[in-house]
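Trainee: here's my sequence, what's the structure:
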Amino acid sequence: MTRAPIVSKRFVVPSEAIDMQGHVSNLAYVGWMQDIAIEHSATVGWAVPRYLAMGAGWVVRSHFIEYLRPAFADDVVSAHTWVPRFDQRTTPRRYLFVREADRTVLATAETVWVFVDLATGRRRPIPAELLGAFDPMPEEGEVRRTLGLTL
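Mentor: Below is the predicted model of the structure:
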């Protein structure tokens, strides 16, 4: 288990991610957001089987994505995610997508996740051991500085 305030994943945009307008589709970004969120949780010791064993997990309440520049097939992109804070039963999770060739921020995003009981679907308090696994980073400016991105 590693304490990782920011988790980053570098990948090449596959042709399947391109929409009819010739750039990365909205759905691809949502999929990448989910994938890196799951990866971040696993990195800090909370992989899917651990949630299943406790009968609880995360569901999405909302997604917000601001598209700043288009991305295209074969672009090398880095996705970065972090948790700015935890509330009693929810947490926002933030994301930056960066084209590696020119270090351009392609999109910023946030998902609000709700912690639920898997049997009932009802909200449930986030356990202290889960809260303790994450290192929240409240300021996006700090994240950008850590990643070497200008504001």
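
Trainee: give me the longest helix you can find in this protein.
Mentor: Under DSSP state H, the helix in the chain containing the largest number of residues is helix 26-43.

Trainee: how about that one: buried residues?
Mentor: Along helix 26-43, these residues count as buried under the neighbour rule (16 or more other C-beta atoms under 10 Å): 28-29, 32-33, 36-37, 39-41, 43. From N, CA and C alone the C-beta is placed, and that goes for glycine too.

Trainee: among the residues you listed, which two are most distant?
Mentor: Between any two of those, the greatest separation by C-beta to C-beta is 22.1 Å, found for A28 and T43.

Trainee: I'd like to know which helix or strand in this protein has the lowest mean pLDDT.
Mentor: Counting by mean pLDDT, DSSP states H and E, the chain has its least confident helix or strand at helix 140-147, which shows a mean of 92.

Trainee: which other helices and strands contact it?
Mentor: Secondary structure elements in contact with helix 140-147, counted by 3 or more C-beta pairs under 8 Å, 6 or more residues apart in numbering; DSSP states H and E, are strand 6-12, strand 76-82, strand 90-99.

Trainee: pLDDT below threshold where in the chain?
Mentor: Applying pLDDT under 70 to the chain flags the ranges 1-2, 151.

Trainee: who does the closest residue in space to E100 that isn't next to it in sequence form a beta bridge with?
Mentor: Excluding the flanking residues, the one nearest E100 by C-beta to C-beta, 6 or more residues apart in numbering is V76, at 4.2 Å. Each beta-bridge partner of V76 is listed here, defined by DSSP bridges: V12.

Trainee: closest to R3 out of the buried residues of helix 26-43?
Mentor: Minimum separation from R3 among these (C-beta to C-beta) is found for T43, which lies at 8.9 Å.

Trainee: now do the closest residue to the closest one other than its chain neighbours against G141, distance only.
Mentor: Spatial nearest neighbour of T43, excluding adjacent residues (C-beta to C-beta, 6+ apart): A4 at 4.9 Å. Taken as C-beta to C-beta, to the nearest Å, the spacing of A4 relative to G141 amounts to 19 Å.

Trainee: who has more neighbours, the two?
Mentor: For A4 versus G141, neighbours defined as other C-beta atoms under 10 Å are more numerous around A4 (16 against 10).
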